[in-house]
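Enquirer: model the following, please.
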Amino acid sequence: MNAALLFLLLAFATARVARFIHADTLIETPRNHLLTWLIEPRDGWRGAVGNKLAELLDCPWCISVWVSLCAVLVIDWGTSYSIPLPVIWVPALSMLAVMFVEYTDGVKQVKLTKD
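Expert: Reported below is the predicted structural model:
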């Protein structure tokens, strides 16, 4: 498979999975319960870790990094395809995936042109 086509397909897949985790209504109730549980007041390191985990789960940028990492590892290790420079693919997939999500949702946090 062409590397450019594989990259584009992985970017679309990353965008869809990241959006599913972050914003889809299908898992809204369990996601809200998990976020509420994570941000419950706790003493010491448990409170700090819970707050950071909640922040990571509630951030589409953060989720897309983890999803793109999983996508690259699955393709590179689990198939016959070899991804050139997989370390570079993870942030690139993440960035493109967030741009896809923001474009399809109508949110424009990423500016493609200079104002």
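Enquirer: got any ranges where the chain has weak pLDDT?
Expert: Counting by pLDDT under 70, the chain shows low-confidence ranges at 1, 106-115.
Enquirer: all the helices of the protein, residue numbers only.
Expert: Secondary structure of the chain by DSSP state H: the helices cover 3-22, 28-38, 44-57, 60-78, 86-105.
Enquirer: turn these into TSV, including mean neighbour count.
Expert: C-beta coordinates here come from the backbone N, C-alpha and C atoms, glycine included. Formatted as TSV, those follow (neighbours: other Cβ atoms under 10 Å):
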stretch	mean neighbour count
helix 3-22	17
helix 28-38	12
helix 44-57	13
helix 60-78	18
helix 86-105	18
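Enquirer: residues in contact with stretch 9-28?
Expert: 31, 57-60, 63-64, 67-68, 71-72, 75, 89, 93-94, 96-98, 100-101, 104-105 (Cβ atoms under 8 Å, 6 or more residues apart in numbering).
Enquirer: quick check: L5 vs P91, distance?
Expert: From L5 across to P91, the span is 20 Å (Cβ to Cβ, to the nearest Å).
Enquirer: also T25?
Expert: Distance, T25 to P91, by Cβ to Cβ: 29 Å.
Enquirer: ok, now P84?
Expert: In this view, P84 and P91 are 15 Å apart by Cβ to Cβ.
Enquirer: just I83 next, same as before
Expert: With Cβ to Cβ as the criterion, I83 and P91 are 13 Å apart.
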